[in-house]
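Visitor: just coords:
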């Protein structure tokens, strides 16, 4: 059984099935592995042994990003996925933090590096004659450094929704395990076609896309970047059977005009994280596929699995050791209690932080950031930073991030619960609930930023009437202010940047 990403690649080295499709380009697995070996040889000759063998990638989902990942697996170096939406000092910080000796980029992103203090990082344009010559002239070494199952395959930065991104060390075994679990759960094989439109500098693309594709030996269809309007045409053009997503893509796709033949396509499975509960069945019905939405984080220290019996708003059943703890007392929170309308009556008590009481799981720590690692690992447990609660049956429900607590009239509230209720409104496509200081000097004011669906119309009177009908939403949790917008500030992985909304105040 394969233990490393190198093992997975070599198991397909003589296959003439397509490995990569990008626009009209096609690479077989045989060509993919051979080309990756040549690139690994070229990079090996440039790396110094007295420094970390780290190679950064600042690229969209183009064939060279896949070759870079595979070259790292074969050549024994660590690939650092650099966020293509970062700019200026933030971009330079990520490159320096990851100790890259080499940065692979192209003409689209090379201009972003001009004038940045990157030290002696060698920048290589993979669309240049220089790179073509390096690859063509490379001589394979007598051997490449070996990488074990627990050695890092990648450095993947967190989204940075609450501060500077942190570089998570993602082990070979983590990607192999995730890919194997998804392949088994969805009966994936070499006949499947994987649609990779999420950025490869994010864990969802690696654990939920690249991993199962390399395990199964299927075909990876690369979309340079996600596009809601291009989604269905791509599915039909390439015969896509599996897609991964993170954040709001299902909502974006559902917001495109519906057609009577949308379900006439090859898609079998959509797997991802953080879709709104109302979008999961809507997407499955409209496109005739199965949607599996699971809890996911870059650290992969906590595993929660959604089953057919999971309540629609729940993220599923936790693996052993996963619990909800009060971060102030260090004790497990009581289960949620409900009234006849379905409202949770003990939010102050039942909401806490999602933890792994048995340790770090697959989390190998943040690279070059022991303080952040220690903040996650306290008292022998992993603290996720995610707010959650459990019902009497043990199912877990998300309530936001630890920074998403609201204090209104002496009561604690979690923004995630309010957002989930607001998203029931048929005219609301996306919602962000956040706080602004109460001018009275006590507690918070609740603000809701809403993106209406393209064919809808929201009015203050209609929205208030909707709130009044939500029996499980306390009037204290109603937004004091509602902001309508065409879009919301997002990370590259489709997560809402609430701190930007807060910084804008009520302007």
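Guide: It's in. Keep in mind the model is a prediction, meaning the values are calculated, not measured.
Visitor: Residue 77 versus residue 49, what's the distance?
Guide: When distance is defined by Cβ to Cβ, to the nearest Å, residue 49 is 11 Å away from residue 77. The C-beta positions use only the backbone N, C-alpha and C, and glycine is treated the same way.
Visitor: So between the two, which is more surrounded?
Guide: Using other Cβ atoms under 10 Å as the criterion, residue 49 and residue 77 rank with residue 77 on top: 24 against 6.
Visitor: The more buried one reaches residue 55, doesn't it?
Guide: Yes - shown here, residue 77 and residue 55 form a contact pair, counting by Cβ atoms under 8 Å, at 5.4 Å.
Visitor: list the helices and strands the lengthiest helix in the chain packs on?
Guide: For the chain, the helix with the greatest residue count under DSSP state H is helix 29-44. Other helices and strands packing on helix 29-44, by 3 or more Cβ pairs under 8 Å, 6 or more residues apart in numbering; DSSP states H and E, are helix 5-10, strand 18-22, helix 63-75, helix 129-137.
Visitor: Mean neighbour count, mean pLDDT and distance to residue 276 for those - can I get that in a markdown table?
Guide: Formatted as a markdown table, these follow (neighbours: other Cβ atoms under 10 Å; pLDDT from 0 to 100; distance: least, Cβ to Cβ, whole Å):
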| stretch | mean neighbour count | mean pLDDT | distance to residue 276 |
| --- | --- | --- | --- |
| helix 5-10 | 21 | 97 | 33 |
| strand 18-22 | 22 | 99 | 30 |
| helix 63-75 | 25 | 98 | 29 |
| helix 129-137 | 13 | 96 | 42 |
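Visitor: which stretches of this protein have low pLDDT?
Guide: Confidence mapping of the chain against pLDDT under 70 gives the ranges 161-163, 409-411, 440-442, 507.
Visitor: And it, what are its domain boundaries?
Guide: Residue ranges for the domains of the chain, per automatic domain parsing: 5-170, 311-407, 409-507.
Visitor: Need these in CSV (columns: distance to residue 266).
Guide: Shown next, in CSV, are the domains of the chain (distance: least, Cβ to Cβ, whole Å):
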stretch, distance to residue 266
domain 5-170, 14
domain 311-407, 26
domain 409-507, 24
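Visitor: Nearest to residue 253, out of those?
Guide: Checking those against residue 253 by Cβ to Cβ gives domain 409-507 as the closest, at 10.8 Å.
Visitor: Which residues are in contact with each of residue 77 and residue 55?
Guide: In the contact map built from Cβ atoms under 8 Å, 6 or more residues apart in numbering, the residues linked to both residue 77 and residue 55 are 43, 47.
Visitor: okay but residue 236 is in contact with residue 265, surely?
Guide: Yes - counting by Cβ under 8 Å, a contact exists between residue 236 and residue 265, whose distance comes to 5.6 Å.
Visitor: what about the two, which has more around it?
Guide: Taking residue 236 and residue 265 together and counting by other Cβ under 10 Å, residue 265 has the greater number of neighbours (18 against 13).
Visitor: how deep is the closest residue to residue 437 other than its chain neighbours tucked in, by neighbour count?
Guide: Nearest in space to residue 437, with sequence neighbours left out and distances taken as Cβ to Cβ, 6 or more residues apart in numbering, is residue 444 at 6.7 Å. The burial metric for residue 444, expressed as a neighbour count using other Cβ under 10 Å, is 17.
Visitor: if I look at residue 444, how far off is residue 481?
Guide: Using Cβ to Cβ, we find residue 444 at a distance of 12 Å from residue 481.
Visitor: Now the common contact residues for those two.
Guide: Taking Cβ under 8 Å, 6+ apart as the contact rule, the neighbours common to residue 444 and residue 481 are residue 436.
Visitor: Flag every buried residue along the longest helix of the chain.
Guide: Under the neighbour-count criterion of 16 or more other Cβ atoms under 10 Å, helix 29-44 has 29, 32-33, 35-44 buried.
Visitor: between residue 49 and residue 77, what contacts are shared?
Guide: With Cβ under 8 Å, 6+ apart, residue 49 and residue 77 have no common neighbours.
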